[in-house]
Each structure stands twice: as structure tokens, then as C-alpha cells.
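[1] Return a 3D structure for these sequence lines:
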Amino acid sequence: MPRRLYMDNAATSFPKPPGVLAAMTRFATELGASPGRGAYAEAQEAGQLMHQCRERINTLIHGENPDHVVFTLNTTDALNLAIHGITRAARASGRSPHVITTWMDHNSVLRPFNMMARHDGVQQTRVECNPDTGLVDPGDIQKAITPDTCLIAVVHGSNVTGTVQPVAEIGAIARRHDIPFLVDAAQTLGHMPLDVQRDHIDLLAAPGHKGLLGPLGTGMLYIRPGIEKLMHTVREGGTGSVSEDDTQPDFMPDRFEPGSHNAIGILGLSEGVQYILDQGIDNLWQHEQQLVATMVAGLADLPGLTVYGPPDVNDRCGVFSVRVVPGTGYDDPRTLSDVLESEFGILTRSGIHCAPLAHKTFNTHELAGTTRLSFGPYLTVEDVQYACDALTQIAQRAVADEAVTR
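    The predicted model follows:
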């Protein structure tokens, strides 16, 4: 049997740093208390450790205040909190909300926008992207702005092609127009440097279980100080604070964190973030760029294989979508994934990847999508070269098979 080579980090990162499991095990065996729900030592320590996680994330993203790091279940939860919070407040102020996103965005943005358009009268503009690279022109974002625009939401790195959007330029446009700017960093936070102040990001949504190397069931939304005043809550409940009052607290982070926390997951997440801080995000990004460059070079101009997305490594993160030449036994993405696993031990994901408009951009939507390979910090250049060699062998077979059928 071939070795198992995990290349599905865009879905969730694996393996995790040893400290992640150690922190979760310690919580389960020694602490076990709900943070902020007791005055005894274990509950107090759990609360301190949870705040430490906020501080670490705030350091990583160059945030202004760790109390503005709100814990969520995942990126989808964080995006919904931002989207519904902003638009509800806009409606309540008497506006007819208009929102902007792109064709490269994930269903975690597209579906909430669609729901609001159908049921709440929210207007939306979906800006198309370059069909060769997936890059959005910031000028097209500028043109889409109307007097009623209350939110611009853009995915930073595509979960289909790894296309990295120019969020700093888009953020500058949003800031000039005083429009909240929401960035979906599901594929970039923890992989590459991201500075919410430099890039004019008002709301940053990310998972804990992908680039931040924490466990599933964790996520975060950073809310720039002052932006919370433009948001309504979308859930209310117990916070362990001001329990004598039956209205939601108006201070951060309690305003947006009702209910008991996933403490065991957050403490694991904290160690994932600390691993990134210890390694240095610049070093991790340099390593990922080496992996990306190896993949781009290894698959360049390969007969029988199409690689989607930007050819320039500077416009990419470590997510690649490929398809084998049509008309052969390997052109179905699921078949290609099966062959990569059964013959080479490479674990990938095939399909539409919850991003239908991205696949329509690249004309793969009606072809059952693509096969996706995605990188994490524990992969090596040799691992990526092995994947390139595997895809080369499969593509050569496909070309040979096509020649025979002719």
C-alpha cells in the first residue's frame, strides 16, 4: 500500500501541532470548568486561558483589541454573524441595504446574501472575476457601490484555486466610502501574513481548524473597534456577566458570545496559534510559497492536465484545482481523487467545493467541478513533487488512452 499523504488542508488541517492535543487533554482531565461560570480556581484559569487565545489571535492579525476577537463555531458562523448583524442594523436605521461580494466567494457568503435578497429585500451585487485567474478588479468593486451599500464581503484566498484577492486595495476603497469591509480568511489566516489595520479590514472571519491548526468546531470573527456599533446581535443568551439583567450585554466580546463556550476547542486553538507565532508567520508563508512554486513548475504545460487559477505564485496560496483531459477515464474529478488515493496514497477533495460561482468562472461547474489539492505547514517540497509526479503519470496515461480511442 502507498503511504498516506494528506493534501486536503483546505477542508481542515492535519496533522496538528502536539501542543493542541496536550492543551485539550489537560482541559479534559484537569480543568473541565466552563470559563466565566464560576469563581473557583479551575473556572478562573479556563477563563484566563481563553482570553490568552484572544490575545494570541489579536497579535497574529495585528488587531487593536483582543476583546474584539469573538469566538464562533467556524467560519460560516462568523460570516453569518457579520452579514446578518450589519444588514439588520442597516434596515433598522431605515436604509434599503445593498451588499457586494464576488463570484469567487464561498456559499457561506453567497447563501446568506441570497436568503436576505429573497426574504428581506436586500439588494446584492456579485462582481465577476477574471476567467483565467479568478482575480477581481478592485475597480469593479468601486463601480458596484451605491448610496445604500452597507457591506462589502470578499474571500481572501479561494478555496477552489487559491487565488489571493487584493484585499488591501479593496479595503482602501471600502474605507474611503465608509462601508464595512468583511474578509473571509478561511484559506489564508495562519498561512500568510494578514494585518487588519494595514489592509483596512473591519471584519475578519476565519476557522480555527484550518490554517490556525486548531480543532474542528472553532472559529473567530474579529470586529474592528467601533464597527460593533453598526451591528445587531443575531443570538442572545447567557454570558456569565451581568446576569441580573435580562438584556444582552453591550460590551465586547460578551455582546456576540451568548452561551457556554467550546472551551476545550478554544484552548486547543490557542496552542495552534502559538505554534504559528513561534514559527513566525513570515517563515510559514515563505515555506508555503516554496510549495506553491514547486506545484506550479511541476505541472506547467503538462499535456492532458488543466491547472486552474493564477500562473503567478504571488497571486496564490496553497490550494490547487486540476482536471484531466476530457474523454478519458480520468476526467471525472471523483475518479481522479480515487486514483490518487488508491495508487499513490494522496488524499484530495473532488467536487464543487461549496463555491458554485467560482466553478462557473472557470467553466467547471457543469463538469462536476475539479480535484483539489491543498497544502499545510507539515508538507515538504518533496511531498509536493511526489504529487506532481503522480499527476504527471495519470495525465500521460490519459493522453495515451485518448490517442487509442481516436
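[2] so who does Arg54 touch?
    Going by CB atoms under 8 Å, 6 or more residues apart in numbering, Arg54 touches 66-67, 69, 71, 253. Glycine gets a C-beta too; all of them are placed from N, C-alpha and C.
[3] hmm, try it at 7 Å
    By CB atoms under 7 Å, 6 or more residues apart in numbering, the contact list for Arg54 reads 66-67, 69.
[4] doesn't it fall inside a strand?
    No - counting by DSSP: H, G, I helix; E, B strand; the rest coil, one finds Arg54 to be helix, located in no strand.
[5] Quick one: the helices in the chain, in order.
    Assigned by DSSP state H, the helices in the chain fall at 18-26, 41-61, 75-92, 107-119, 138-144, 167-176, 263-279, 281-299, 333-344, 356-361, 381-405.
[6] For Glu55, which residues are in contact?
    Glu55 makes contact with Pro66, according to CB under 7 Å, 6+ apart.
[7] Now do the phi/psi pair for the nearest residue to Ala172 once chain neighbours are set aside.
    Nearest residue to Ala172, sequence neighbours excluded (CB to CB, 6 or more residues apart in numbering): His200, at 5.4 Å. Backbone geometry at His200, expressed as degrees, to the nearest 10, gives phi 60, psi 40.
[8] Also Gly329?
    According to degrees, to the nearest 10, Gly329 has phi -70, psi 0.
[9] neighbours around the residue nearest to Ala172, how many?
    Residues near His200, counting by other CB atoms under 10 Å, number 20.
[10] The one 10 residues further on too?
    Lys210: 28 surrounding residues under other CB under 10 Å.
[11] Check the gap between the closest residue to it other than its chain neighbours and Leu79 for me.
    Excluding the flanking residues, the one nearest Lys210 by CB to CB, 6+ apart is Ser13, at 5.4 Å. Distance of Ser13 to Leu79, given as CB to CB, to the nearest Å: 19 Å.
[12] next one: Val183
    Distance of Val183 to Leu79, given as CB to CB: 10 Å.
[13] what does Gln385 give?
    Taking CB to CB, one finds Gln385 at 35 Å from Leu79.
[14] I figured Leu291 was touching Gly318, is that so?
    Yes - with contact defined as CB atoms under 7 Å, Leu291 reaches Gly318; the gap is 5.6 Å.
[15] shared neighbours, the two?
    Shared contacts of Leu291 and Gly318, counting by CB under 7 Å, 6+ apart, come down to Phe375.
[16] Looking at these two now, which is surrounded by more residues?
    The residue with more neighbours, out of Leu291 and Gly318, is Gly318; 29 against 23, by other CB under 10 Å.
[17] contacting residues around that one?
    Listed by CB under 7 Å, 6+ apart, the contact partners of Gly318 are 162, 191, 288, 291-292, 374-375.
[18] Excluding chain neighbours, what is closest to it?
    In space, Gly318 is closest to Phe375, 3.2 Å off (CB to CB, 6+ apart).
[19] Pop out the phi and psi values for the one you found.
    Torsion angles, degrees, to the nearest 10, at Phe375: phi -100, psi 160.
[20] quick one: pLDDT of Val404?
    With respect to pLDDT, Val404 scores 59.
[21] More neighbours: which of Gln385 and Leu79?
    Neighbours were counted for Gln385 and for Leu79 using other CB under 10 Å; Leu79 has more, 29 against 15.
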